[in-house]
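>>> Here's a sequence, model it:
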Amino acid sequence: MKLFFAAILGALALIFNPLAVSQSWAICQVDLQICQTQKQVLTGQVAALNALVNQKNAAINTLTNHIAQANATINGLNAQLAQKNNQIATLTNHIAQANNVINGLNAQIAQKNNQIAQLTLQLNQAQAANAQLQQDIKNLQAANNQLAAQVAALTLQIAQQAAQLGAANAANNQLNAQNAQLNAQISQLTSQMSAVTAENTQLKGEKDQLNAQITQLTAQLEAEKRISAFAVIDIREISKPDVFKTALADVVSAAMTAGGHVMTQDDAIIALDGTPPRQFIMVGFDTVDKVKGWNDSQAVKAFHAIRGQTTRSRAFIVDR
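Presented below is the predicted three-dimensional model:
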């Protein structure tokens, strides 16, 4: 900084005063020597500081190596510690398993102790029952002796009664023979009676059937006597037999509900002259009005609609 100001002053002096220039130059030479001396001093100090820094760096490198070695030692110790912890965890698991086994064995021991206690109680009860049985056996032996005496007396009575039984058996055998003959006769009569009963039952059933048929025929005859009008349906051709057959069954049911009597609905027609109809249906009623009423019912109207679609036919009333 001094050298800088000296240069400036020297330049100003050179411009304004030559003598001052000479003096300034001399001063600048002195200042330059001082600066060089200071530079040498500073250079020595810098060299000393560099040497000191190199020593410090060497010390730091040594410490770094020691720290690295210490870290390696610590890592080794940590690995050993982790291994020991794993061993401790394994041993802990083994201890827990062993404790579980011990607990299970303790539970089994407690169960066995309970069983032993129950068996001991049962044994005590059995011993008490055995003592009672021994007393009962003595009592039974005494009673057996009394029964033996009674058996001896009864044996004598049985021998006497056996003789009497032999005589009774002989008489009984004769009675059994007579009873067998009577049973054979009874069985024969029973068989004859069963046959007669079955025949009688069959004849009664046939009689009931005949009576029912007579009653039905009588009712039909009475109903036919009252018939004075007929609804006639003359079927010449049928294009859909199944549909027409279903509709015909419905209209016949409606006729019977309305008090009509189906005189015929056959399709087995034998011609005597000309072409016979395919099917001929005739339903009798008491009056023409009833025929018309039946014809106006919804069921018959539905039938006529189906008849018109499935056949070529005609329908009319005959009044006698």
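>>> Helices of the protein, residue ranges please.
With DSSP state H, the ranges of helices along the chain come out as 2-16, 18-226, 241-257, 288-295, 298-310.
>>> and those as a markdown table, adding mean pLDDT and distance to residue 319?
Every C-beta, even on glycine, is put in place using the N, C-alpha and C of the backbone. As requested, the helices of the chain are arranged in a markdown table below (pLDDT from 0 to 100; distance: least, Cβ to Cβ, whole Å):
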| stretch | mean pLDDT | distance to residue 319 |
| --- | --- | --- |
| helix 2-16 | 62 | 161 |
| helix 18-226 | 81 | 14 |
| helix 241-257 | 91 | 17 |
| helix 288-295 | 93 | 5 |
| helix 298-310 | 94 | 18 |
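>>> mind putting the ones you listed in TSV, distance to residue 316 and mean neighbour count included?
Below are those laid out as TSV (distance: least, Cβ to Cβ, whole Å; neighbours: other Cβ atoms under 10 Å):
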stretch	distance to residue 316	mean neighbour count
helix 2-16	154	13
helix 18-226	20	10
helix 241-257	15	15
helix 288-295	10	16
helix 298-310	12	15
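>>> Give me the distance between residue 295 and residue 285.
10 Å (Cβ to Cβ, to the nearest Å).
>>> which neighbours do those two share?
Shared contacts of residue 295 and residue 285 (Cβ atoms under 8 Å, 6 or more residues apart in numbering): residue 231.
>>> measure the residue nearest the centre of the chain to residue 112 for me?
When Cα atoms, centre = their mean is applied to the chain, the residue found nearest the centroid is residue 104 (36.6 Å). For residue 104, the distance to residue 112 (Cβ to Cβ) stands at 12 Å.
>>> if we can go back for a sec, ok, the residue nearest to the centre of the chain to residue 83 distance?
Taking Cβ to Cβ, one finds residue 104 at 31 Å from residue 83.
>>> In contact with residue 228: list those residues for me.
Contact analysis of residue 228 by Cβ under 8 Å, 6+ apart lists 285-288, 319-320.
>>> looking at those, which has the most residues close by?
The most crowded member of the contacts of residue 228, judged by other Cβ atoms under 10 Å, is residue 285 (24 neighbours).
>>> hang on, it packs against residue 291?
Yes. Using Cβ atoms under 8 Å, residue 285 is in contact with residue 291, at 4.7 Å.
>>> Quickly list what's touching both of those two.
Common neighbours of residue 285 and residue 291 (criterion: Cβ under 8 Å, 6+ apart): 229-231, 260.
>>> Looking at those, which one is closest to residue 136?
residue 260 (93.5 Å; Cβ to Cβ).
>>> what about that closest one, how many residues close to it?
Residue 260 has 22 nearby residues by other Cβ under 10 Å.
>>> go on, the one 3 residues further on?
Neighbour count of residue 263, defined by other Cβ under 10 Å: 16.
>>> Bridged to the nearest residue to it once chain neighbours are set aside, which residues?
Excluding the flanking residues, the one nearest residue 263 by Cβ to Cβ, 6 or more residues apart in numbering is residue 282, at 4.3 Å. In this structure, residue 282 bridges to residue 232, residue 264 when assessed by DSSP bridges.
>>> so residue 282 touches residue 227, yeah?
No. The pair residue 282 and residue 227 does not pass the contact test of Cβ under 8 Å, sitting 10.2 Å apart.
>>> about what we covered before: could I get the contacts of residue 228 as CSV with distance to residue 89?
Output for the contacts of residue 228, formatted as CSV (distance: Cβ to Cβ, whole Å):
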residue, distance to residue 89
285, 108
286, 111
287, 113
288, 114
319, 117
320, 118
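>>> Select from those residues every entry located in strands.
Among the contacts of residue 228, the members falling in strands (DSSP state E) are 285, 319.
>>> could you list every residue that touches residue 266?
279-280.
>>> let's see 10 Å
Neighbouring residues of residue 266 by Cβ atoms under 10 Å, 6 or more residues apart in numbering: 279-282.
>>> Ramachandran coordinates for it?
Here is the backbone geometry of residue 266 (degrees, to the nearest 10): phi -70, psi 150.
>>> And it, how far from residue 135?
Distance from residue 266 to residue 135, by Cβ to Cβ: 100 Å.
>>> what does residue 195 give?
Relative to residue 135, and taking Cβ to Cβ, residue 195 is found at 71 Å.
>>> again with residue 71
From residue 71 to residue 135 the distance is 94 Å (Cβ to Cβ).
>>> ok, back up a step: now for residue 282 and residue 227: what residues contact both?
261, 263.
>>> List buried residues within the contacts of residue 266.
279-282 (16 or more other Cβ atoms under 10 Å).
>>> out of those, which one sits closest to residue 305?
residue 281 (16.2 Å).
>>> Is that closest one in contact with residue 316, as I believe?
No. Counting by Cβ atoms under 10 Å, residue 281 does not reach residue 316; the two are 11.5 Å apart.
>>> Since that was my last question, I'll sign off now.
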